[in-house]
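**Student:** can't give you the sequence, but here's the structure:
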Ligand code: GLU
Ligand code: ZN
């Protein structure tokens, strides 16, 4: 595999709880890819969700645990909570070309719509926003905005496709070249009043700003990559390579839950495990398709 040099990867945790074995796998893999290709691995803290991730002690504990395990990163740590001006700028660009629309649906309304559809005969499981507010009459939209009705800003993926078509990206694992069909993506939320930028927008803006040219992350985010590729297209941002790693599973093959105490690094430390034992557990899980032997002994 020939990669663009120098390679820059990143580990981008959300500081919403204890560092766990899944984080260690993700961080180790991003570090490994950078090292193999003689590049850099950056650390980005995805702390945009104030309710879940602004406890400074939680972040400090995660950083201490990363240090303990011996994972180091290059350059300054970036915190997304300090980057909101960059996200607003990207939103303005998208708004200026008419790609955003306000969605006034509440979460409960969207859920009710899903339930109605999945109860319908032969209804397929439906978990995407239907695009209900995409075609609201202009005067109604103006009136709702003027009244201050709460809303989110969604991106119109059909218009995105009109502009950029169906671009490709490359997954350097076994997946190879992939094609993004924007109109098959959900009109995801890019911002709301209490959240200046959604995960999707912030990730794309920051990967470009930090010069990340190889995005290493878990397979759980495979479904987000077409959305990110579409956003890179309309924001005219460079397109990184992608590598999606396996996720850790328990003995029955179920994905390890963050709340599972047996995979918290803090608890493993308190139980007297050393970093070599923890890393050995992660390495053997990688060899066994993600299957992790827990509890460690
Ligand atoms: N912050 C995300 C997480 O904790 C990772 C985002 C990404 O790698 O794109 O799962
Ligand atoms: Zn709506």
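**Tutor:** Arrived safely. Predicted model, so just to flag it, every value in this text is computed and none were measured. Ligands and ions are numbered 1, 2, ... in the order given.
**Student:** ok, longest helix in this protein?
**Tutor:** In the chain, taking DSSP state H as the definition, the longest helix is helix 21-36.
**Student:** touching ligand 1 at all, that one?
**Tutor:** No. On the criterion Cβ under 6 Å from any ligand atom, helix 21-36 is out of touch with ligand 1, staying 7.5 Å away. Any C-beta I mention is one placed from the backbone N, CA and C, and that applies to glycine too.
**Student:** Just list what the next helix or strand after that helix packs against, helices and strands only.
**Tutor:** Taking DSSP states H and E as the definition, the helix or strand that follows helix 21-36 towards the C-terminus is strand 40-45. With contacts defined as 3 or more Cβ pairs under 8 Å, 6 or more residues apart in numbering; DSSP states H and E, the packing partners of strand 40-45 are strand 8-11, helix 21-36, strand 78-79.
**Student:** Can you say which of the ones you listed is packed in most?
**Tutor:** Burial of these is given as mean neighbour count (mean count of other Cβ atoms under 10 Å); strand 8-11 ranks first at a mean of 26.
**Student:** So which bits of stretch 83-96 are buried?
**Tutor:** Along stretch 83-96, these residues count as buried under the neighbour rule (16 or more other Cβ atoms under 10 Å): 83, 86, 87, 90, 91, 94.
**Student:** Could you report the pLDDT at residue 122?
**Tutor:** Turning to residue 122, the model gives it a pLDDT of 56.
**Student:** Please apply the same query to residue 116.
**Tutor:** Per-residue confidence for residue 116 comes out at a pLDDT of 69.
**Student:** measure the residue of the stretch 151-297 of the chain found nearest ligand 2 to residue 114 for me?
**Tutor:** For the stretch 151-297 of the chain, the nearest residue to ligand 2 under the criterion Cβ to the ion is residue 154, separated by 7.2 Å. According to Cβ to Cβ, to the nearest Å, residue 154 stands 16 Å off from residue 114.
**Student:** more crowded one of these two?
**Tutor:** residue 154 (24 against 16; other Cβ atoms under 10 Å).
**Student:** Would you list the phi and psi of that one?
**Tutor:** Per-residue torsions, residue 154: phi -110, psi 160 (degrees, to the nearest 10).
**Student:** these two touch, right, it and residue 189?
**Tutor:** Yes. The pair residue 154 and residue 189 qualifies as a contact (Cβ atoms under 8 Å) at a distance of 5.5 Å.
**Student:** Check the contact lists of the two and give me the overlap.
**Tutor:** Common contacts of residue 154 and residue 189 (Cβ atoms under 8 Å, 6 or more residues apart in numbering): residue 103.
**Student:** Enumerate every residue touching residue 184.
**Tutor:** For residue 184, the residues meeting the contact criterion (Cβ under 8 Å, 6+ apart) are 157, 226.
**Student:** For residue 219, list the residues it contacts.
**Tutor:** By Cβ under 8 Å, 6+ apart, the contact set of residue 219 is 244, 245, 246, 247.
**Student:** Repeat that for residue 167.
**Tutor:** Applying Cβ under 8 Å, 6+ apart, one finds that residue 167 lies in contact with 179, 180, 229, 230, 233, 239.
**Student:** what do you get if the cut-off is 7 Å, keeping everything else the same?
**Tutor:** With contact taken as Cβ atoms under 7 Å, 6 or more residues apart in numbering, residue 167 is in contact with 180, 229, 233.
**Student:** can you pick the most crowded of these?
**Tutor:** residue 180 (25 neighbours).
**Student:** Hmm, residue 9 is touching residue 35, no?
**Tutor:** No. Residue 9 is beyond contact range of residue 35, at 9.4 Å (criterion: Cβ atoms under 7 Å).
**Student:** about what we covered before: looking at the helices and strands packed on strand 40-45, which is nearest to residue 269?
**Tutor:** If you check each of these against residue 269 by Cβ to Cβ, helix 21-36 wins as the nearest, at 12.0 Å.
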